[in-house]
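mind looking at a prediction? Sequence and model below.
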Amino acid sequence: FARTLRLETAMSELPKNYDPKAIEEKWLQRWLDEKTHHVTPDRGGDPYTVVIPPPNVTGILHMGHALNNTIQDVLIRWQRMKGRNALWVPGTDHAGIATQNVVERALKKEEGKRRQDLGREEFVKRVWAWKEQYGNTIVRQLKRLGASCDWERERFTMDAGLSNAVAEVFIRLYNKSLIYRGEYIINWCPRCQTALSDEESEHR
């Protein structure tokens, strides 16, 4: 009877409705302050690393992202519980042409201008400003979801270190004649004035 009474008392103290804002922000801040998910090589345990497939900075997370990130989070937490030095590296992708298109549409809607009206330098500034304003939304959403990433290792695909690494690999491949220039039929966008991949093209 005493156990039942204590249980009923404890249950009555629980709020009727779950308030995610009160709970999730508190725990997120604690995890960040205590660096709960930050790992270093000397921590011990066999290494286990997942690099998040970086979501584009062109919008917000959707259900596919939530599913994919939940699977990664389960794997990372499972390996942590097994004593492995588990690292989940977060990041976002610049999504070049897709981001350019989003900024161009906003420019047209808000100012009635095209990117050519601004010139290359000013347009690039606008794209970076857009990325700073909206691109970080995805990171905030991942944090609020409780994704146990090592947020001190967050990367963006156009960070200097990553861009330099890509350039170096291309040069090495070119020097080994593994990539080369040639004349090919490509997917050309007359509006964007650039080549498009097959995934970005509509085939007719």
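Alright, I've got the coordinates.

longest helix anywhere in the protein?
Under DSSP state H, the helix in the chain containing the largest number of residues is helix 63-81.

against which helices or strands is that helix packed?
When contacts are defined as 3 or more C-beta pairs under 8 Å, 6 or more residues apart in numbering; DSSP states H and E, helix 63-81 sits against strand 47-51, strand 85-89. Where you see a C-beta, it was placed from the backbone N, CA and C, and this is true even at glycine.

can I get the last one as CSV, trimmed to CA atoms?
Extracted in CSV, the C-alpha atoms of strand 85-89 (Å, rounded to 0.1, in the frame of the first residue of the first chain):
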residue,chain,number,x,y,z
ASN,A,85,35.6,6.1,-28.3
ALA,A,86,32.6,7.1,-30.4
LEU,A,87,32.7,10.3,-32.3
TRP,A,88,29.8,11.8,-34.4
VAL,A,89,31.1,14.7,-36.5
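
quick one: strands adjacent to that strand?
strand 47-51 (parallel) (DSSP bridges).

buried ones in the strand it pairs with?
By 16 or more other C-beta atoms under 10 Å, the buried positions in strand 47-51 come out as 48, 50.

on the three-state scheme, the residue most central in space within the chain is what?
Computing the C-alpha centroid of the chain and ranking residues by C-alpha atoms, centre = their mean puts residue 92 first, at 3.2 Å. Under the three-state scheme (DSSP: H, G, I helix; E, B strand; the rest coil), residue 92 adopts strand.

so residue 31 is in contact with residue 37, correct?
Yes: taking C-beta atoms under 8 Å as the definition, residue 31 is a contact partner of residue 37 at 6.6 Å.

now for these two: what residues contact both?
Residues touching both residue 31 and residue 37 (C-beta atoms under 8 Å, 6 or more residues apart in numbering): residue 148.

who's more crowded, these two?
More crowded of residue 31 and residue 37, by other C-beta atoms under 10 Å: residue 37, with 21 against 16.

for that one, give its distance to residue 55.
Residue 37 is 18 Å from residue 55, where distance means C-beta to C-beta, to the nearest Å.

likewise residue 198?
Relative to residue 55, and taking C-beta to C-beta, residue 198 is found at 21 Å.

more neighbours: which of these two?
Set residue 198 next to residue 55 and count neighbours by other C-beta under 10 Å: residue 55 wins out with 24 against 8.

double-check that one against residue 94; I have them as touching.
No: with contact defined as C-beta under 8 Å, residue 55 does not reach residue 94; the gap is 11.2 Å.

please save the CA atoms from the longest helix of the chain in CSV.
Extracted C-alpha coordinates of helix 63-81, given in CSV (Å, rounded to 0.1, in the frame of the first residue of the first chain):
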residue,chain,number,x,y,z
MET,A,63,11.4,13.7,-41.8
GLY,A,64,14.1,12.0,-43.9
HIS,A,65,16.8,13.9,-42.0
ALA,A,66,15.1,13.0,-38.7
LEU,A,67,15.0,9.3,-39.6
ASN,A,68,18.6,9.3,-40.9
ASN,A,69,20.0,11.2,-37.9
THR,A,70,18.1,9.0,-35.4
ILE,A,71,19.7,5.9,-36.9
GLN,A,72,23.2,7.5,-36.7
ASP,A,73,22.5,8.6,-33.1
VAL,A,74,21.4,5.1,-32.1
LEU,A,75,24.6,3.6,-33.5
ILE,A,76,26.9,6.2,-31.8
ARG,A,77,25.2,5.9,-28.4
TRP,A,78,25.3,2.1,-28.7
GLN,A,79,29.0,2.1,-29.4
ARG,A,80,29.6,4.6,-26.6
MET,A,81,27.8,2.2,-24.2
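
nothing else from me, thank you.
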